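# sequence first, then the predicted structure, then my questions.
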Amino acid sequence: MTDAPLVTILDDEPAIRDILTEALQDAGYRTRAFSRATEFEAALRSVTPAVCLVDLSLPDRDGLTLVHRLALEQGAKVIIISGRAQVQDRVTGLELGADDYVTKPFDPAEVVARVRARLRTPPRPAQTSARFGDWTAHFDHFALEKDGTETPFSQAEGEVLRLFLESPKRLITRAHMQEALGGTAGDSFDRAMDVRISRLRTKLGEDPKNPRLIKTIYGAGYIFLGDVTWS
């Protein structure tokens, strides 16, 4: 159990924390639960969770701001668990870097499955930088560089970008993305991919109506058209 992945739970509802703690521990994960964002952030100085479950409606901090910080600064996967079921809340959470979004009420078994799916992502090669055109993607500190200026990207966006850069000029289907990135099939996964690809296109300065690098092949998937050199 000491080598099991650590899953942190940030939710101000004791019942939710208890339900998730029990379900995750029964599945073999270590857990730590927090009711306040300040407690959670303090704990991050000494622990490195594999997955963070984060509620958006926190009493002492805006959950979306915290998700954005976790996505950019921490190596953990982030799954939002929230009572906010509106599409815009889902889109915003995914745009800020969350890996998945689960609405309340939920089945604990589904949350465990989503945690397991996120941790199934296969190990990546040792190369940490990839150059394409005028851009360099740095995966050691999650940034795109052009003309000496860096633009940060989230770990979730980086997973998608790396998938494209490892298979340039090849069709990448939704099924391939799901298998490679450890996603759970369904609208939530498709929405997450759409958001991340849209964010990457924006950071790469792509014309959304006629992108040069990340092309959508409607009904099939995506193709990355650049020439890529890894180092």
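Structure received.
# buried ones in the longest helix belonging to the chain?
Counting residues, the longest helix in the chain under DSSP state H turns out to be helix 187-203. Within helix 187-203, the residues that count as buried by 16 or more other Cβ atoms under 10 Å are 188-189, 192-193, 195-201, 203. (Each C-beta comes from the backbone N, C-alpha and C, glycine too.)
# how about stretch 154-174?
154-167, 172.
# take those and keep only those in helices.
Short answer: those in helices (DSSP H) are 155-166.
# and of the residues you listed, the nearest to residue 176?
residue 163 (8.2 Å; Cβ to Cβ).
# can you give me the distance of the closest one to residue 222?
Distance, residue 163 to residue 222, by Cβ to Cβ, to the nearest Å: 9 Å.
# so what sits against both of those two?
residue 172 (Cβ atoms under 8 Å, 6 or more residues apart in numbering).
# in contact with residue 217, which residues?
Residue 217 sits next to 171, 223 when contact means Cβ under 8 Å, 6+ apart.
# quick one, phi/psi of it?
Phi and psi for residue 217, reported as degrees, to the nearest 10, are phi -100, psi 100.
# okay, now the closest residue to residue 66 other than its chain neighbours: neighbour count?
Closest residue to residue 66 apart from its sequence neighbours, by Cβ to Cβ, 6 or more residues apart in numbering: residue 37 at 5.6 Å. Residues near residue 37, counting by other Cβ atoms under 10 Å, number 21.
# hang on, residue 137 in a strand?
Yes: assessed with DSSP: H, G, I helix; E, B strand; the rest coil, residue 137 lies in a strand.
# specify the beta-bridge partners of it.
The residues listed as beta-bridge partners of residue 137 by DSSP bridges are residue 130, residue 144.
# pull the number of nearby residues for it.
The burial count for residue 137: 23, using other Cβ under 10 Å.
# now for it: which residues touch it?
Residue 137 sits in contact with 129-131, 143-145, 158, 161-162, 165, where contact means Cβ under 8 Å, 6+ apart.
# want to throw these into a markdown table with distance to residue 11 and pLDDT?
Compiled in a markdown table, the contacts of residue 137 are given as follows (distance: Cβ to Cβ, whole Å; pLDDT from 0 to 100):
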| residue | distance to residue 11 | pLDDT |
| --- | --- | --- |
| 129 | 37 | 93 |
| 130 | 37 | 94 |
| 131 | 42 | 95 |
| 143 | 31 | 93 |
| 144 | 33 | 96 |
| 145 | 37 | 96 |
| 158 | 27 | 90 |
| 161 | 31 | 94 |
| 162 | 31 | 93 |
| 165 | 36 | 94 |
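# between the residues you listed, which is nearest residue 227?
Out of these, the member with the shortest distance to residue 227 (by Cβ to Cβ) is residue 131, at 9.0 Å.
# what's the closest non-adjacent residue to the closest one?
Leaving aside its chain neighbours, residue 131 sits nearest to residue 229 (4.8 Å; criterion: Cβ to Cβ, 6+ apart).
# gap between the residue located most distally from the centre of the chain and residue 164?
Computed with Cα atoms, centre = their mean, the residue of the chain farthest from its C-alpha average is residue 147, at 27.1 Å. For residue 147, the distance to residue 164 (Cβ to Cβ) stands at 22 Å.
# and for residue 80?
25 Å.
# if we can go back for a sec, ok, the residue nearest to residue 131 - contacts?
Per Cβ under 8 Å, 6+ apart, neighbours of residue 229: 130-132.
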